[in-house]
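S.K.: structure, please.
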Amino acid sequence: MMNRHINIRFFGVVAACWTMSVAAKAQVFEPGDEPRTVRTGGFWEDWFVQAGLDMTLQNPYGYDFSKVFPNGKTFGLDLAVGKWFSHQVGFRGKFNWENKLPLLENEHANWLAPFDQPGVNREKGGYIAFYGDALFNLHNFFGTYRTDRKWNASLYPRIGVNYNFGVSKGSLLAGIGVLNTYRISDRWSVYGDIAYIMTGGGFVGKESRADTGTGSNSNGYLTIGLGAQIELGKVGSKELGTKAPLNHVLTNGIWDNWFVQAGLDMSLMNPYGCNFGKVIPKGMTFGLNGAMGKWFTPEYGVKVRVQWDNGLIPNNGLEWVAPADDPKENYKKGGLATVAIDAMLNLTNALSGYDPERKWHTSAYLRMGIITQFVEGSASPLAGIGLEETYRLNDRMSLFGAVGYQVSTSEGMGYGFTGMEDTAGSNGFFDIDFGIRYDISRNQFYRDAESKRKAYAQPLTGHNWPRFAVNTVASVGVAYIGKTALKAVVNEERPDHSDNKSFPSGHAAMAFAAARSIDKEFRKDCIWIPIAGYAAATAVGVERVVNDHHHWYDVVAGAALGFGAAELTWWASDQLLGKGNRVAVGTSGNTVDVVYNF
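M.R.: Alright, predicted model coming up:
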């Protein structure tokens, strides 16, 4: 039951991220004079729905694939909804219900659990699967976009979950496939779909037969589908008669907007059934990561990422990786590795508007891939979500930091560390990265220094949301460090005699740090905004006194500390970015302009 809850929570967050992404500005496809031109479009353009039938060829671990007919053959129904964000990238959510429909019966499907009761799987409802596919149009990426093209082939990585009614168990899945569509009218197309999917042992259940591979490796199946597709809403590629204004046009050729990145990472492993409070040092590993990616629009991009942990930097206290009887053997045999594809959504550009001078960028990502432990030679599907922050140093170089949460089936950490009798459960781990990103080709979505000097001659007014967010977090952080140091030095007893950490009030310090940061950003717009901030901070201080957690002078000292921390942080930020009118911020339409006068 816990496994199902973990999967539901995880993919609920994924669904929320995807909903946010489709609510952002889409891209309408425009031929124009430049064959690879797109312009900012609307939310309702380039949606599609698919419906069709499919055949699945099950292949549990240890079975001879040549005998998949008829033992592993099942039939089912597919339903999908998707959207193209540009002429090159899109997303599709898909539902599959297999081995239940009366007209698609196969009495010889013996390779679906429970294996010792043929036919029970079908009687109990077969199985269902939910997929998320990141679509990558091969024709438009390697060729040029044409509105009259009828054939389109798209490659997609897949991540999702499945649930087997026959054994009441589910599992994470990962796959890769190809989608072919043929347009028969402005709205209607037919499609053919083929994919190979890898899923955990939990999908086949714990069985007495050793050849199911339960507890050691993943199981696979090939799925082949045929059906019809209809375009919904506005069809952007058919609607445009003239080229959009130049300042709204973004070009993106095959060689544009590529980048590479490299960095260090720390992973906090948390096998199923283990207490996360003990993850340091039992589940902490260190390693390297590298990636190569491309931004297709200012909002959407894809990167391929490789991570290698516990192979160069050992952790002598590490216990929560296989093998169970000798944890150090994991390091001796090379540690663990992941290979994944990240579908990236630039939240800053999507929510605040595209700004070619912006230095700070916050992006969310959906990760799909595989993880392997070299000591066991096992592999597992991997899914993850996370946030990444980048800061552009110059026209080519950026710094990045990222934090994400990833899940894998039990095979990903080795059977025996999952706290389970079989591999139906999921294991999780946090992944924290930092490093350097380098644009190996011209980034068409970022304006260089020369263009900045020509485009901006006067300072602007307005808000710099990334700067405000970073300065606020830094102000609270400085206040936290200051109050911690003072508590250790002063060592004053609280009024309720609970401990000797009364002076100063940490709650008041951090609350007033945030309030002062709000004051500095919003005072010129509306005085009531900082007043509300100070009122909330004061309420926090009063509550600490009323409940006997602090003396009144503890709160006053904490407020002063927080106020000073914010002043120090904002001053340091101004020194870093420049003095006088070298830094200008402003608004233009729905964008925030940040200008550095060199």
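S.K.: residue ranges in this structure under the pLDDT threshold?
M.R.: Applying pLDDT under 70 to the chain picks out residues 1-43, 106-108, 201-218, 233-253, 324, 410-426, 447-463, 525-526, 576-598.
S.K.: grab the nearest non-local neighbour of the one residue sitting closest to the centre of it.
M.R.: Closest to where the C-alpha atoms of the chain average out (CA atoms, centre = their mean) is Y365, at 2.5 Å. With sequence-adjacent residues excluded and distances taken as CB to CB, 6 or more residues apart in numbering, Y365 is closest to D342, at 4.3 Å. Bear in mind the C-beta positions are built from the backbone N, C-alpha and C, glycine included.
S.K.: show me what the one you found bridges to in the sheet.
M.R.: Listed beta-bridge partners, D342: K303, R367 (assigned using DSSP bridges).
S.K.: same thing with the one 4 residues further on?
M.R.: As for beta bridges, N346 partners with S363 under DSSP bridges.
S.K.: surely it touches H361?
M.R.: Yes. Applying CB atoms under 8 Å, one finds N346 in contact with H361, separated by 5.9 Å.
S.K.: so who does D431 touch?
M.R.: Counting by CB atoms under 8 Å, 6 or more residues apart in numbering, D431 touches D265, M266, S267, L268, Q307, G384, G386, A402, V403, G404, Y405, Q406.
S.K.: I'd say the residue nearest to Y365 and A364 touch.
M.R.: No. D342 lies out of contact with A364 (CB under 8 Å); the separation is 9.8 Å.
S.K.: give me the more crowded residue out of those two.
M.R.: The residue with more neighbours, out of D342 and A364, is D342; 26 against 21, by other CB atoms under 10 Å.
S.K.: OK, contacts around that one?
M.R.: For D342, the contact set (CB under 8 Å, 6+ apart) comprises A291, G293, V302, K303, V304, R305, Y365, L366, R367.
S.K.: swap the cut-off to 10 Å and go again
M.R.: 134, 157, 291, 293, 301-305, 363-369, 384-386, 388, 402, 404 (CB atoms under 10 Å, 6 or more residues apart in numbering).
S.K.: among the residues you listed, the buried ones, what's the PyMOL command?
M.R.: Buried residues among these (16 or more other CB atoms under 10 Å), as a PyMOL selection:
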select buried, resi 134+157+291+293+301+302+303+305+363+364+365+366+367+368+369+384+385+386+388+402+404
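S.K.: between N346 and H361, which contacts overlap?
M.R.: Taking CB under 10 Å, 6+ apart as the contact rule, N346 and H361 both touch P298, E388, T390.
S.K.: now render those as JSON lines, adding secondary structure and distance to N471.
M.R.: Formatted as JSON lines, the shared contacts of N346 and H361 follow (DSSP: H, G, I helix; E, B strand; the rest coil; distance: CB to CB, whole Å):
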{"residue": "P298", "secondary structure": "coil", "distance to N471": "24"}
{"residue": "E388", "secondary structure": "strand", "distance to N471": "19"}
{"residue": "T390", "secondary structure": "strand", "distance to N471": "17"}
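S.K.: F136 reaches P157, doesn't it?
M.R.: Yes. With contact defined as CB atoms under 10 Å, F136 counts as touching P157 (8.3 Å).
S.K.: what's the overlap in contacts for these two?
M.R.: Common neighbours of F136 and P157 (criterion: CB under 10 Å, 6+ apart): V302, I341, A343.
S.K.: for the residues you listed, which one is nearest K501?
M.R.: A343 (45.1 Å; CB to CB).
S.K.: tally of neighbours for that closest one?
M.R.: A343: 25 neighbours (other CB under 10 Å).
S.K.: can you tell me how far it sits from Q88?
M.R.: Distance of A343 to Q88, given as CB to CB, to the nearest Å: 13 Å.
S.K.: again with A514
M.R.: 41 Å.
S.K.: likewise for V478?
M.R.: Where Q88 is concerned, V478 sits at a distance of 43 Å (CB to CB).
S.K.: can you give me the helices in the chain?
M.R.: 2-23, 68-71, 120-124, 138-142, 236-239, 279-282, 328-332, 347-352, 449-455, 465-490, 506-522, 528-546, 552-577 (DSSP state H).
S.K.: deepest of those helices, which one?
M.R.: Sort the helices of the chain by mean neighbour count, taking mean count of other CB atoms under 10 Å, and helix 506-522 sits at the top with a mean of 24.
S.K.: packing partners of that helix?
M.R.: Under the contact definition 3 or more CB pairs under 10 Å, 6 or more residues apart in numbering; DSSP states H and E, helix 506-522 sits against helix 465-490, helix 528-546, helix 552-577.
S.K.: so can I have JSON lines of the ones you listed showing distance to K169?
M.R.: What follows is those, written out as JSON lines (distance: least, CB to CB, whole Å):
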{"stretch": "helix 465-490", "distance to K169": "42"}
{"stretch": "helix 528-546", "distance to K169": "47"}
{"stretch": "helix 552-577", "distance to K169": "51"}
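S.K.: R92: which of the ones you listed is closest?
M.R.: helix 465-490 (31.3 Å).
S.K.: packing partners of that closest one?
M.R.: So helix 465-490, by 3+ CB pairs under 10 Å, 6+ apart, packs with helix 347-352, strand 360-373, strand 378-392, helix 506-522, helix 552-577, strand 583-588, strand 591-596.
S.K.: looking at the ones you listed, which is nearest to D186?
M.R.: D186 sits nearest to helix 347-352 of all those, at 28.1 Å, using CB to CB.
S.K.: distance from that closest one to the middle of the chain?
M.R.: Its chain's average C-alpha position is 15 Å from that of helix 347-352, according to CA atoms, centre = their mean, to the nearest Å.
S.K.: ditto for stretch 77-90
M.R.: The answer for stretch 77-90 is 18 Å, by CA atoms, centre = their mean.
S.K.: contacts only, for the nearest residue to F75 once chain neighbours are set aside.
M.R.: The spatially closest residue to F75, leaving aside those adjacent along the chain, is L104, at 3.4 Å (CB to CB, 6+ apart). Residues in contact with L104 (CB under 10 Å, 6+ apart) are L53, D54, M55, T74, F75, G76, L77, E98, G126.
S.K.: correct me, but N491 touches F503?
M.R.: Yes. N491 lies in contact with F503 (CB under 10 Å); the separation is 8.4 Å.
S.K.: who has more neighbours, the two?
M.R.: Set N491 next to F503 and count neighbours by other CB under 10 Å: F503 wins out with 21 against 12.
S.K.: who's in contact with the more buried one?
M.R.: Contacts for F503 (CB under 10 Å, 6+ apart) come out as 483, 486-487, 489-494, 550-551, 553-555, 557-558.
S.K.: ok, P495 next?
M.R.: S502, R544, V545, N547, D548, H549, H550, H551, W552, D554.
S.K.: please apply the same query to G126.
M.R.: Going by CB under 10 Å, 6+ apart, G126 touches 74-76, 96-101, 104, 109, 112, 163-166.
S.K.: any of those residues buried? List them.
M.R.: Counted by 16+ other CB under 10 Å, those give 74-76, 96-100, 104, 109, 112, 163-166 as buried.
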